[in-house]
Every structure is written in structure tokens, then in C-alpha cells.
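Undergrad: here is a sequence with its predicted model. Questions after.
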Amino acid sequence: MADIKQQIFQELSSLEELTVRLRSTAVNAGKQTDLEVAILTEQVKSLRDKNARATDMIDKTISILKKLK
């Protein structure tokens, strides 16, 4: 009977260790996802700014070309 109790406690201990590792992995994955979202948000903002500047330059170029006609 003592052997069975010991085996149960060992398996519970192993399960507890696995749970701790899984929680740690989940937390790290969440942090990684937050970091990726932050990076992508900055990249999108930068691309929108560049697109706005390019559109402005195209509009100015078209205006100049129309004046030269």
C-alpha cells in the first residue's frame, strides 16, 4: 500500500512540474504575441506614413505636369 501511495505522489509531482512548465510556456507565448503585435503595429503605421507622403508627392507631380501642358 505504501508503494502505491508513493507512486501516486510521484505522478502528482510530475504532473505538477509539467503544469508549471506549460504555464510558463503559455505566459512566454503571450508575451511573444504582444511583442509581435507591437512590431506589426509600428510597421503598419510607418507604411501608412510613407503611403501618405507618396500620395502627396504624386499629387504635386500631377499638378506640375498639368501646369506644363
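TA: Sure thing, it's come through. Residues are numbered from 1 along each chain as shown.
Undergrad: in the chain, which spans are helices?
TA: Secondary structure of the chain, counting by DSSP state H: helices at 2-68.
Undergrad: residue closest to the middle of this protein?
TA: Central residue of the chain (Cα atoms, centre = their mean): residue 36, 2.4 Å from the mean position.
Undergrad: roughly how far apart are it and residue 45?
TA: Applying Cβ to Cβ, to the nearest Å, the value for residue 36 to residue 45 is 15 Å. Where you see a C-beta, it was placed from the backbone N, CA and C, and this is true even at glycine.
Undergrad: do residue 31 as well
TA: 21 Å.
Undergrad: next one, pLDDT for the residue nearest to the centre of the chain please.
TA: At residue 36, the pLDDT value in this model is 94.
Undergrad: residue 69 too?
TA: In this model, residue 69 is scored at 78, pLDDT.
Undergrad: count the neighbours of it for me.
TA: The tally of other residues near residue 69 (other Cβ atoms under 10 Å) stands at 4.
Undergrad: swap in residue 3?
TA: Residue 3: 7 neighbours (other Cβ under 10 Å).
Undergrad: and what of residue 38?
TA: Using other Cβ under 10 Å, residue 38 has 10 other residues around it.
Undergrad: again, but for the one 3 residues further on
TA: Burial of residue 41, expressed as a neighbour count using other Cβ under 10 Å, amounts to 10.
Undergrad: same check on residue 4?
TA: Close neighbours of residue 4, defined as other Cβ under 10 Å, add up to 8.
Undergrad: contact partners for it?
TA: Residue 4 makes no contacts at all, as judged by Cβ atoms under 8 Å, 6 or more residues apart in numbering.
Undergrad: roughly how far apart are it and residue 11?
TA: Distance of residue 4 to residue 11, given as Cβ to Cβ: 11 Å.
Undergrad: quick check: the residue nearest to the centre of the chain vs residue 64, distance?
TA: For residue 36, the distance to residue 64 - Cβ to Cβ - is 42 Å.
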